[in-house]
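**Student:** quick one, fold the following:
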Amino acid sequence: MQHFLDIHTTDPAALRSMIETARAMKAARRGAPRGLRDADQPLAGRMVALIFEKPSTRTRVSFDVGVRQMGGETMVLSGKEMQLGHGETIADTARVLSRYVDCIMIRTYEEATLLEMAEHASVPVINGLTNRTHPCQIMADVMTYEEHRGPIAGRRVVWSGDGNNVCASWLHAAGQFGFNFTFTGPPTLDPEEEWIKFARSKGAQVRIERDPHAAVAGADLVVTDTWVSMHDPESAKERRHNQLRPYQVNEALMARAAPDALFMHCLPAHRNDEVTSAVMDGPHSVVFDEAENRLHAQKAILRWCLGV
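**Tutor:** This next block holds a predicted model:
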């Protein structure tokens, strides 16, 4: 049994193996006749619990479809349908669910909820997102970059905007996959120093550059995310927009990157806030390939966790 809790807590060789497995499964499925696409059923007879304290489109659909494509079944549970952290402790919920299911994916608010679930579960637990990190997304992103441009090692990735949970997992990936990372955004929204130190400790070059045009110059990949996260209070919206407007990814900013640079966004996007529609729909954008690759990357994560 192996949990998938974060990129920085997973062995780099295992991460690379998951990326390669995802690529192989995607290629095999695309190359197979429709009736034989799902002939490989490594999760046959397995039940996966998908717990959502936070709303979701991509995470819910990609995990649900991925499990079914591999022959397994899913049980989708919302926080409102469970006693999770309310009438019952998270530890007891983990113990009970472990008697019923073969794997637990949880998308939650607090990192502590994820960690307590993993500590007390006797089946693998997958981090579908917390307020602090989003590792499944970045596994799909690394896969997407390498599909289009080859190995990500040694490349220069620039994050423009809020140093949020997705940014945190990009920093983890910089350390584990060997690429360099530049953050550009206001100092009030810097990524956690702990994650910067982790990436640097693994040999990645990490820069903080307040001028977005200087930051993006020559970049191989430009990444952003929504300016207001699901857990942010309503009162924060206007303040965040004011802080982050200079860091919008637009055509002028992308023109500073390398000619073959890619643009990524984990979606959902607020068009013409953090990114313009011209960039979202433009030649640099691979956002919908990213979204598709959530399916393939998570199938590989499930297989790794379950050892199948």
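**Student:** surely Val65 touches His296?
**Tutor:** No: using CB atoms under 8 Å, Val65 makes no contact with His296, being 10.6 Å away. In this view, the C-beta of every residue, glycine as well, is placed from N, C-alpha and C.
**Student:** those two: who's more crowded?
**Tutor:** Taking Val65 and His296 together and counting by other CB atoms under 10 Å, His296 has the greater number of neighbours (25 against 15).
**Student:** quick one: the helix or strand harbouring the more buried one to chain centroid distance?
**Tutor:** Using DSSP states H and E, His296 sits within helix 287-306. Chain-centre distance of helix 287-306: 10 Å, with CA atoms, centre = their mean, to the nearest Å.
**Student:** other SSEs contacting that helix?
**Tutor:** helix 12-31, helix 58-69, strand 103-107, strand 125-129, helix 135-149, strand 262-265 (3 or more CB pairs under 8 Å, 6 or more residues apart in numbering; DSSP states H and E).
**Student:** what's the average pLDDT for it?
**Tutor:** Averaged across helix 287-306, pLDDT comes to 98.
**Student:** buried residues in that helix?
**Tutor:** Buried residues in helix 287-306, counted by 16 or more other CB atoms under 10 Å: 287, 289-306.
**Student:** same check on stretch 57-69?
**Tutor:** Neighbour-count burial for stretch 57-69, with 16+ other CB under 10 Å as criterion, is recorded at Arg58, Thr59, Arg60, Ser62, Phe63, Asp64, Gly66, Val67, Gln69.
**Student:** and the strands in the stretch 51-200 of the chain?
**Tutor:** Using DSSP state E, counting those that start in this stretch, the strands found in the stretch 51-200 of the chain span residues 73-78, 103-107, 125-129, 156-160, 180-184.
**Student:** redo those as a markdown table? Include mean neighbour count, mean pLDDT and distance to Phe263.
**Tutor:** Rendered in a markdown table, the data for these read as follows (neighbours: other CB atoms under 10 Å; pLDDT from 0 to 100; distance: least, CB to CB, whole Å):
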| stretch | mean neighbour count | mean pLDDT | distance to Phe263 |
| --- | --- | --- | --- |
| strand 73-78 | 16 | 95 | 32 |
| strand 103-107 | 27 | 98 | 25 |
| strand 125-129 | 27 | 98 | 22 |
| strand 156-160 | 25 | 98 | 10 |
| strand 180-184 | 23 | 98 | 14 |
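**Student:** next, format those strands as JSON lines and append distance to Ala199.
**Tutor:** Shown next, in JSON lines, are the strands of the stretch 51-200 of the chain (distance: least, CB to CB, whole Å):
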{"stretch": "strand 73-78", "distance to Ala199": "34"}
{"stretch": "strand 103-107", "distance to Ala199": "25"}
{"stretch": "strand 125-129", "distance to Ala199": "18"}
{"stretch": "strand 156-160", "distance to Ala199": "11"}
{"stretch": "strand 180-184", "distance to Ala199": "6"}
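**Student:** Ser17: which of these is closest?
**Tutor:** Ranking the strands of the stretch 51-200 of the chain by distance to Ser17, with CB to CB as the measure, places strand 125-129 first at 15.9 Å.
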